[in-house]
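1. Any chance you can model this:
(2 chains)
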Amino acid sequence: MAGEKAAGEKKPGEKAAGEKKPGKKKPAEKKPAEQQAGQKEAGEKKKKVKKHHASRNPVLARGIGRYSRSAMYARKALYKRKYTAPETKIEKKKKEKPRATITKPVGGDKNGGSRVVKIRKMPRYYPTEDVPRKLLSHGKKPFCQHKRRLRASITPGTVLILLTGRHRGKRVVFLKQLATGLLLVTGPLVINRVPLRRAHQKFVIATSTKVDISGVKIPKHLTDAYFKKKRLRKPKHQEGEIFDTEKEKYEITEQRKSDQKAVDSQILARIKKVPQLRGYLRSTFCLSNGVYPHKLVF
Amino acid sequence: VFKRFVEIGRVAFISFGPHAGKLVAIVDVIDQNRALVDGPCSGVRRQAMPFKCMQLTDFVLKFPHSARQKCVRLAWEKENINEKWAATRWAKKIEAREKKAKMTDFDRYKVMKAKKMRNRIIKHEMRKLQKMASKKGKKPEKPEKPGKAQKAQKAQKAQKAQK
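-> Numbering: from 1, shown residues only, chains lettered A, B, ... in the order given. Below is the predicted model:
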């Protein structure tokens, strides 16, 4: 209590002294004769920032003061001194409240035209049991952050044998590995009807035959998003026509055709240089009697 | 009945073991199952070797028993065993087998095409001759047949050698 009082008394002492000093300072600065006095006070202000009044609460015994809390309030004239913290910045920030509601137009006649809608709504469901917090795991990355590997035997220009899909058994030229790890591959189309397509590394045999694709420029827009299958689904829940989905038939877009031409023209030139390679790419791979894959050198 | 005998100087082909595929000369016989063997020109150190892993060739060198390596080497080089061996059908068959095992997918395709072409040529000629034979009664024109078949063989050999 005494400690509090002493601290309290420091403040009035400071303020009084501070109020006096700037008051004195100004006339002192104006009058050159009293400059020295002004400088002295400025000097005093720098050294002694606050002049504290002695404790207005005489001590009866250690820890016990003469006056009560309310009496001290009156003696220290705290009713006069009410300080508010500088709030301008906070007030400004507080004023920038986010919008709570928004008015949206509503269709239909006799509906009043618009509604006032809350932007942040109350939850519509509170679970009866609290789900316990999951423990932290490490090293579990999402698919987009996985490490992509490529077999050392597969380099740009390698002839690959596709093993699955509608083009199984066909020999195809490898162009590059895409961001998801799939291999971009082309027939070329004129040779074996395999367009620019993605193939999975695991379902492919890499032969040791390579075509020199060093100068071939593959357009940069050929990414996974370009090749991804598109599925339009807007089920309007009409009983007739549920099975008539849009895009039953896949149609080759003009962009695909132009991209195919652009890439294939470069590759065909290089394929023609190697004798018999064109016929090789046209043929399909098959096993026959006495041919064992584990004994074959590809 | 037996033409190749185990004797001093017999050149043998090692069929299995660490030195499989190499030629050695028998320097001395140790006992019923083993021989002292040396292959200075084929990278086989002088050592004992069981007869079971040796296959005798037609070549015999001349040197006394237990002759040292220098003598064996001299005899080997004098007879020019390495070249003679490469010229035998045995060695050629081995080489062909190795090449076939090393064939890549592309090579297999090329061989298939070559074989197809060769067979076509042969069949074509055969049918021609058969037709002629059936038409002209009995005038077998044999000298022409092997000539054309040889041409086809040469064409195919050239293609196989390219791979």
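2. Enumerate the residues of chain B near chain A.
-> The interface of chain B toward chain A, taken as C-beta under 8 Å from any C-beta of the partner chain, is made up of B:101, B:102, B:103, B:104, B:105, B:106, B:109, B:110, B:113. Glycine gets a C-beta too; all of them are placed from N, C-alpha and C.
3. So which other helices or strands are in contact with whichever helix in chain B runs longest?
-> The single longest helix within chain B, with elements called by DSSP state H, is helix B:105-135. Under the contact criterion of 3 or more C-beta pairs under 8 Å, 6 or more residues apart in numbering or on different chains; DSSP states H and E, helix B:105-135 touches strand A:158-162, strand A:204-210, helix A:277-282, helix B:144-162.
4. what pLDDT does residue A:105 get?
-> Residue A:105 is assigned a predicted lDDT (pLDDT) of 86.
5. where along the stretch 101-250 of chain A do the strands fall?
-> Here the stretch 101-250 of chain A has its strands, by DSSP state E, counting those that start in this stretch, at A:101-105, A:114-118, A:158-162, A:171-177, A:183-186, A:197-199, A:204-210.
6. Adding mean neighbour count and distance to chain B as columns, could you present the ones you listed in JSON lines?
-> Formatted as JSON lines, these follow (neighbours: other C-beta atoms under 10 Å in any protein chain shown; distance: least, C-beta to the nearest C-beta, whole Å):
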{"stretch": "strand A:101-105", "mean neighbour count": "10", "distance to chain B": "66"}
{"stretch": "strand A:114-118", "mean neighbour count": "10", "distance to chain B": "67"}
{"stretch": "strand A:158-162", "mean neighbour count": "22", "distance to chain B": "7"}
{"stretch": "strand A:171-177", "mean neighbour count": "22", "distance to chain B": "8"}
{"stretch": "strand A:183-186", "mean neighbour count": "22", "distance to chain B": "16"}
{"stretch": "strand A:197-199", "mean neighbour count": "18", "distance to chain B": "17"}
{"stretch": "strand A:204-210", "mean neighbour count": "18", "distance to chain B": "4"}
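7. Can I get those in CSV including distance to residue A:147?
-> Below are these laid out as CSV (distance: least, C-beta to C-beta, whole Å):
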stretch, distance to residue A:147
strand A:101-105, 45
strand A:114-118, 45
strand A:158-162, 21
strand A:171-177, 12
strand A:183-186, 16
strand A:197-199, 19
strand A:204-210, 19
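8. for the chain, where's the lowest mean pLDDT among helices and strands?
-> All of this refers to chain A. Ranking every helix and strand in chain A by mean pLDDT, DSSP states H and E puts helix A:2-30 at the bottom, with a mean of 45.
9. Sorry, I should have been clearer: chain B.
-> Result, chain B / mean pLDDT, DSSP H and E: helix B:144-162, a mean of 55.
10. For chain A, what lies in contact range of chain B?
-> Residues of chain A found near chain B (C-beta under 8 Å from any C-beta) are A:159, A:161, A:171, A:207-209, A:276-277, A:279-280, A:283, A:285, A:295-298.
11. contacting residues for the closest residue to residue A:186 other than its chain neighbours?
-> Computed as C-beta to C-beta, 6 or more residues apart in numbering or on different chains, the closest residue to residue A:186 that is not its neighbour in sequence is residue A:196, at 4.9 Å. Residues in contact with residue A:196 (C-beta atoms under 8 Å, 6 or more residues apart in numbering or on different chains) are A:175, A:184, A:185, A:186, A:222, A:256, A:259, A:260, A:263.
12. next one: phi and psi at the closest residue to residue B:9 other than its chain neighbours?
-> Spatially, and ignoring its direct neighbours in sequence, residue B:9 is nearest to residue B:61 (4.0 Å; C-beta to C-beta, 6+ apart). Dihedral pair for residue B:61: phi -100, psi 160, per degrees, to the nearest 10.
13. Near residue B:61, how many other residues are there?
-> 21 (other C-beta atoms under 10 Å in any protein chain shown).
14. ok, it - contacts?
-> Contact analysis of residue B:61 by C-beta under 8 Å, 6+ apart lists B:9, B:10, B:11, B:25, B:72, B:75, B:76, B:79, B:81.
15. Most neighbours among those, please name it.
-> That'd be residue B:25 among these, by other C-beta under 10 Å, with 30 neighbours.
16. Just the element for that one, please.
-> strand B:23-29 (DSSP states H and E).
17. Give me the nearest residue to the closest residue to chain B within the stretch 1-150 of chain A, chain neighbours excluded.
-> The nearest approach of the stretch 1-150 of chain A to chain B comes at residue A:150, 20.0 Å away (C-beta to the nearest C-beta). Nearest non-adjacent residue to residue A:150, counting by C-beta to C-beta, 6+ apart: residue A:177, 5.3 Å away.
18. Below-threshold pLDDT in the chain: ranges please.
-> No chain specified, so I'll use chain A. A:1-48, A:87, A:90-94, A:233-247 (pLDDT under 70).
19. other chain: chain B
-> Along chain B, the parts satisfying pLDDT under 70 run over B:138-163.
20. That one - how does it break down into domains?
-> As assigned by the TED database, chain B contains the domains B:10-102, B:103-133.
21. How far off centre is the last one?
-> Same thing as domain B:103-133. The chain centre lies 25 Å from the centre of domain B:103-133; the measure is C-alpha atoms, centre = their mean, to the nearest Å.
22. So which residues of chain A form helices?
-> Secondary structure of chain A (DSSP H): helices at A:2-30, A:35-47, A:69-75, A:88-95, A:189-192, A:224-227, A:254-273, A:277-282.
23. Show me what the fifth one is packed up against.
-> Contacting helix A:189-192 under the criterion 3+ C-beta pairs under 8 Å, 6+ apart are the following elements: helix A:254-273, helix A:277-282.
24. Out of these, which is the most enclosed?
-> helix A:277-282 (a mean of 18; mean count of other C-beta atoms under 10 Å in any protein chain shown).
25. Helix, strand, or coil at the nearest residue to residue B:34 once chain neighbours are set aside?
-> Among residues not flanking residue B:34 along the chain, residue B:48 sits closest, at 4.9 Å (C-beta to C-beta, 6+ apart). What DSSP: H, G, I helix; E, B strand; the rest coil gives for residue B:48 is strand.
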